[in-house]
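In: here is the input, now give the coordinates:
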Amino acid sequence: MTHHIVQLSYVLAAILFIFSLYWMNDPKTARRGVFAGIFAMFLAVVSTWIQPGIIHHDWILVAIVLGFVVGIPLAMVPLTAVPQRTALSHAFGGLAAGLVGAAKYYLWSGEGSEQLTTFRMTAIVAEVILGFLTLTGSLLAAGKLQEIKWIPQRPVTYPLQNVSNILLLLAAVGLGALLVMDPTGPWAKFAFPGIIVLAMIFGVLLIIPIGGADMPTVISILNSYAGLAAVAMGFVLDNKLLIVAGALDGSSGLILSIIMCRAMNRSFTNVLFGAFGQVTAAKADGEERVYKSETIEGAAQVLEQAELVVIIPGYGMAVAQAQNRVRELYDQLVKRGITVKFAIHPVAGRMPGHMNVLLADADIPYNDLVEMDEINSDMPQCDVALVIGANDVVNPAARYDKSTPIYGMPIINADKAKTVFAIKRSKNPGFAGIDNELYFQDNTFMLFGDAKAVVGDLAKQLSGGSGMH
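Out: Just a heads-up that it's a prediction; the model follows:
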């Protein structure tokens, strides 16, 4: 009877996982999707726990308590830290898969090699390699997103980097192949720990040549690796739900990575091995390019006279945690009868949907958030484009300069607006390491400073104004 209950619960949990992903496709049903995923996971854990073979209940309770101790603080991080929290979640998933694989190997090898069939050993090797490279890769990605001082944000490259990385991975796979042929042979004592060490080193070296702003794609790829590790773990444990859940996780991460690569007009190999984001030396043409600055008062006057304002948020808004000030500015503009839209680039920020999440946190109406492909046709009629901390995603050089690393990347056509105000912390180049041609156009004016302070000052200036639009 217990077996049938468990299997039925697994089927129900698998269905809920599928619907959870489906409902998350739409903001209107996203909350339902979250609760479906939570209940599915609860059902999976309880159903596994009640099986007769589970006897060490005290250890399970200890693990659950530790999970709450770590998980609750992670859930309380500000929305600006969600990308690095997501990376940490992948690290935990990779660690769990790797530890389960290691535990099963040492348990079964102690009982005799008959338990370690060719299929099981292959699954264990895949689980351990994917799990431990996901662990270290995700930890490094989280460090880059957190902008920890001793972790470089720009790509780190060295001669024969890709070749040495591939050889490192092949060495781990080669040791795995030896274990598959003879799991308890004389080399097993060194081969299995060697696989773990090589996988962990490979995870670090895989992420080092990737810049901080490519982390949205990297996080989703790591998510795919974690899912594949879960699939392998499912085969090792003979757990069909793990296989289904891991396959859903891995495939969704892969699909999301493909979508983001298309949004940047780049390939997987360029993201993973292209060292994209190294600072490009400025061309010496004997002429210093000059920004045109504007005052808060001047910008507020132009905004007051506008009929359509398009706000283009980027990572600078997230860093400054300026979303609530943006809401104040939005309210002041709408009060005057001005139409306000938010142009969202698919890879703005440090994770998929980063800008959507931040603006939703500030209660910006979701109907006013417009995707890049839809908003671009409206940009020639836009009176003011307000760029808040975005850089490469509005750089016109992507259209015509074949020498630039962002050539061909779809951008938001901010340059086609009648007037552009760009809020930026400094004159440093964006992630691609090149100057933004938008900032030097005749219709562009810079508002240098912290995004939170600048947007707040604009809102205050408008609130002190009189009259309606």
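In: now do the helices in the stretch 301-450 of the chain.
Out: For the stretch 301-450 of the chain, applying DSSP state H, counting those that start in this stretch gives helices covering 315-320, 323-335, 354-361, 372-375, 397-400.
In: then the fourth one to PDB, C-alphas only?
Out: If I follow you right, that is helix 372-375. What follows is helix 372-375, C-alpha atoms only, in PDB (Å, rounded to 0.1, in the frame of the first residue of the first chain):
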ATOM      1  CA  MET A 372      12.100  45.600 -26.600                       C
ATOM      2  CA  ASP A 373      10.500  44.400 -29.800                       C
ATOM      3  CA  GLU A 374       7.200  46.100 -29.000                       C
ATOM      4  CA  ILE A 375       8.500  49.400 -27.700                       C
END
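In: and that helix, what does it pack onto?
Out: Under the contact criterion of 3 or more CB pairs under 8 Å, 6 or more residues apart in numbering; DSSP states H and E, helix 372-375 touches strand 339-344. Placement of C-beta: from N, CA and C, glycine included.
In: for the strand it packs on, name the packing helices and strands.
Out: With contacts defined as 3+ CB pairs under 8 Å, 6+ apart, the packing partners of strand 339-344 are strand 308-313, helix 323-335, helix 354-361, strand 369-371, helix 372-375.
In: rerun at 6 Å
Out: Under the contact criterion of 3 or more CB pairs under 6 Å, 6 or more residues apart in numbering; DSSP states H and E, strand 339-344 touches strand 308-313, strand 369-371.
In: and among those, the most buried is which?
Out: Greatest average neighbour count among the helices and strands packed on strand 339-344 goes to strand 308-313 (a mean of 25), per mean count of other CB atoms under 10 Å.
In: so in that sheet, which strands flank that one, and in what orientation?
Out: When pairing is defined by DSSP bridges, strand 308-313 lines up against strand 339-344 (parallel), strand 384-388 (parallel).
In: which of these sits most buried?
Out: Mean neighbour count (mean count of other CB under 10 Å) peaks for strand 384-388 among the strands paired with strand 308-313, with a mean of 28.
In: contact partners of that strand?
Out: 303, 306, 309-313, 317, 394, 414, 417, 419-423, 451 (CB atoms under 6 Å, 6 or more residues apart in numbering).
In: per-domain residue ranges of this structure.
Out: Structurally, the chain divides into domains by automatic domain parsing as follows: 1-72, 81-278, 296-463.
In: pLDDT (mean, whole number) over the longest one?
Out: Averaging pLDDT along domain 81-278 gives 86.
In: then the first one?
Out: With pLDDT averaged residue by residue, domain 1-72 scores 91.
In: returning to what we had before: of all the helices and strands packed on strand 339-344, which one is nearest residue 176?
Out: Nearest to residue 176 among the helices and strands packed on strand 339-344 is strand 369-371 (43.2 Å), distances taken as CB to CB.
In: what is the neighbour count of residue 345?
Out: Using other CB atoms under 10 Å, residue 345 has 23 other residues around it.
In: quick one: contacts for the nearest residue to it once chain neighbours are set aside?
Out: In space, and not counting its chain neighbours, residue 345 is closest to residue 393: 4.0 Å by CB to CB, 6 or more residues apart in numbering. Going by CB under 6 Å, 6+ apart, residue 393 touches 345, 348, 411-412.
In: got the domains of the chain as JSON lines, with distance to residue 290 columns?
Out: As requested, those are exported to JSON lines (distance: least, CB to CB, whole Å):
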{"stretch": "domain 1-72", "distance to residue 290": "42"}
{"stretch": "domain 81-278", "distance to residue 290": "25"}
{"stretch": "domain 296-463", "distance to residue 290": "8"}
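In: leaving out the residues flanking it, which one is nearest to residue 328?
Out: Excluding its sequence neighbours, the residue lying closest to residue 328 (CB to CB, 6+ apart) is residue 459, at 4.0 Å.
In: my read: the one you found touches residue 330, true?
Out: No: here residue 459 lies out of contact with residue 330, judged by CB atoms under 6 Å, at a distance of 8.6 Å.
In: compare the two (neighbour count), which wins?
Out: The neighbour comparison of residue 459 against residue 330 (other CB under 10 Å) goes to residue 330, with 23 against 20.
In: my guess is that one meets residue 340, correct?
Out: Yes: counting by CB under 6 Å, residue 340 is a contact partner of residue 330 at 5.5 Å.
In: for the residue nearest to residue 345, report the pLDDT, please.
Out: On pLDDT, residue 393 comes in at 89.
In: how far away is residue 80 from residue 56?
Out: Look at residue 80 and residue 56: by CB to CB, to the nearest Å, they are 40 Å apart.
In: more neighbours, the two?
Out: Neighbour totals were compared for residue 80 and residue 56, and residue 80 leads with 22 against 8 (other CB under 10 Å).
In: need phi/psi at that one.
Out: When read as degrees, to the nearest 10, the backbone of residue 80 gives phi -70, psi -20.
In: how near is it to residue 350?
Out: 9 Å.
In: kindly report the same for residue 362.
Out: For residue 362, the distance to residue 350 - CB to CB - is 18 Å.
In: what residues does stretch 233-245 touch?
Out: 10, 13-14, 17, 44, 97, 100, 104, 123-124, 127, 230-231, 246.
In: swap that for stretch 115-132, sorry
Out: Contact with stretch 115-132 is made by 94, 97-98, 101, 105, 108, 172, 176, 179-180, 183, 195-196, 199-200, 225, 228-229, 232-233, 235-236, as judged by CB under 6 Å, 6+ apart.
In: what do you get for stretch 50-57?
Out: With CB under 6 Å, 6+ apart, stretch 50-57 has contacts from residue 6.
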